[in-house]
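K.L.:
I would like the atomic coordinates for the input below:
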Amino acid sequence: MDQAVFFWREGRAIIIVLVHVDDCMIAATSITLIADFKARISEHVDITDLSELYWLLGIEINRDRERHTIHLSQHLYIDSILRRYGLQDLKPVSIPMDTSI
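P.N.:
Numbers count the residues shown, from 1 in each chain. Predicted coordinates:
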């Protein structure tokens, strides 16, 4: 499995590139850095820009720019595991459980 994390830093500017097989995620301190990186890398390899990241390796990514937060979720992966083992109809209970049950 080919996977790697690369980064470039100069002063306060930073670009982080995560690579997994033929998928790539780019994070940077500015949109300009990302655009410049995409332009430079596309001179060497064909790339498909899928725009803002919403899914990565089964993880759903929700970004709230106003609140400056990122929420990561694997609920679809968890739901698929529950379905695989016939547990999709289970109901949640509080933990610790009542010991008299």
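K.L.:
Break this structure into its domains for me.
P.N.:
Split into domains by automatic domain parsing, the chain comes to 1-50, 52-91.
K.L.:
For the helix or strand of the chain with the lowest mean pLDDT, which strands pair with it and how are they oriented?
P.N.:
Within the chain, confidence by mean pLDDT, DSSP states H and E is lowest for strand 55-56 among all helices and strands, at a mean of 80. As defined by DSSP bridges, the strand partners of strand 55-56 come to strand 59-64 (antiparallel).
K.L.:
any idea of the mean pLDDT for the partner strand?
P.N.:
Per-residue confidence for strand 59-64 averages out to 90 on the pLDDT scale.
K.L.:
same question, stretch 86-101
P.N.:
Looking at stretch 86-101 alone, the average pLDDT works out to 78.
K.L.:
can you list the residues that contact that stretch?
P.N.:
Under the criterion Cβ atoms under 8 Å, 6 or more residues apart in numbering, residues 79, 82 lie in contact with stretch 86-101. (C-beta placed from N, C-alpha, C; glycine too.)
K.L.:
Which parts of the protein are strands?
P.N.:
If you assign secondary structure with DSSP state E, the strands in the chain sit at 3-10, 13-20, 23-28, 55-56, 59-64, 69-73.
K.L.:
Adding mean neighbour count, write the domains of the chain out as a markdown table.
P.N.:
Compiled in a markdown table, the domains of the chain are given as follows (neighbours: other Cβ atoms under 10 Å):
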| stretch | mean neighbour count |
| --- | --- |
| domain 1-50 | 12 |
| domain 52-91 | 10 |
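K.L.:
could you dump the ones you listed to CSV with distance to residue 101?
P.N.:
What follows is the domains of the chain, written out as CSV (distance: least, Cβ to Cβ, whole Å):
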stretch, distance to residue 101
domain 1-50, 44
domain 52-91, 13
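K.L.:
Find the nearest non-adjacent residue to the residue nearest to the spatial centre of the chain, please.
P.N.:
To find the centre residue of the chain, average its C-alpha atoms and take the closest one (Cα atoms, centre = their mean): that gives residue 56, at 4.0 Å. Of all residues not flanking residue 56 in the chain, residue 25 sits nearest, at 5.8 Å (Cβ to Cβ, 6 or more residues apart in numbering).
K.L.:
Please consider this matter closed, and thank you.
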